[in-house]
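Enquirer: Just need the structure, nothing else, for what follows:
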Amino acid sequence: MNLVRQHVNGLFDFEGRENRQPFWLWVLVTYAAQYIVGTLISIPLMMAGFQNMQPIFGRDPKQFDRHPEMMMQAMEPVFRWGMIVNAILMLAMVALLAAAVVRRLHDSNRSGWWASPVFAVQVATPILFATVFPTMFGTFAKVRSNLPPAESQPSWDPAMQSFTLLWSVGMLGFLLTIVLVIFLVLPGTVGPNRFGDDPLNPPFH
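Expert: Numbering: from 1, shown residues only. Presented below is the predicted three-dimensional model:
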């Protein structure tokens, strides 16, 4: 409880230093909370998607085999809301971890601005997914497997461009996160540095 209280009280404290043990315990707590909340939200969303498909499937079990676009149409609201929830959870994660990440960077005498590209991509990625994914699913829902290429290609091109954009942003975020994690796992400066006293060996007054 002291760990949670300490970090909740320090959500807007971007000064000073933080050593590795409390930082990574806080990361574990926040990711566990995100997983639990995300799971609790995703269960009713998936149940709603199955309920949307049930009337169609009940009339003809082979309907989705002949018309896979109907499954896309039924599941599109589920994926749309799933992306919105994911965006909200990611924004909450950034808010909970931002100050702690900055303090952890300070501990190794690095500026907190090293984290800004990662935070920017983490905030932009779920928003981009929430914006682009419904359009992609709308395209998948319209394009049937039996359409000739001349008719389906104009619809597929924008969808593939959107997929390429999502993949590029995701890969950029992954690479930036790897660099940041390496900085976060490095030991802190022994003794005082420009951001404050050593949290493991504070001076005696």
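
Enquirer: Tell me the predicted confidence for Thr125.
Expert: With respect to pLDDT, Thr125 scores 82.

Enquirer: okay, and for this structure, where does confidence drop off?
Expert: Under the criterion pLDDT under 70, the flagged ranges of the chain are 52-75, 133-159, 204-205.

Enquirer: How many residues are close by the nearest residue to Asn193 once chain neighbours are set aside?
Expert: Distance criterion C-beta to C-beta, 6 or more residues apart in numbering; nearest residue to Asn193, sequence neighbours excluded, is Asn109 at 4.3 Å. Using the backbone N, CA and C atoms, a C-beta is placed for each residue, glycine as well. Asn109 has 13 neighbouring residues, counting by other C-beta atoms under 10 Å.

Enquirer: mind listing the strands for this protein?
Expert: With DSSP state E applied, the chain shows no strands anywhere along its length.

Enquirer: on that earlier part again, can you pull the contacts of the residue nearest to Asn193?
Expert: 189, 193-195 (C-beta atoms under 8 Å, 6 or more residues apart in numbering).

Enquirer: With respect to Leu176, which of the residues you listed is nearest?
Expert: Among these, Phe195 lies closest to Leu176 (C-beta to C-beta), at 22.1 Å.

Enquirer: Would you mind listing the residues in contact with Asn2?
Expert: Counting by C-beta under 8 Å, 6+ apart, Asn2 has no contacts.

Enquirer: Okay, it and Val8: tell me how far apart.
Expert: 11 Å (C-beta to C-beta, to the nearest Å).

Enquirer: Next: Asn201.
Expert: According to C-beta to C-beta, Asn201 and Val8 sit 26 Å apart.

Enquirer: Also Ala120?
Expert: In terms of C-beta to C-beta, Ala120 sits 24 Å off from Val8.
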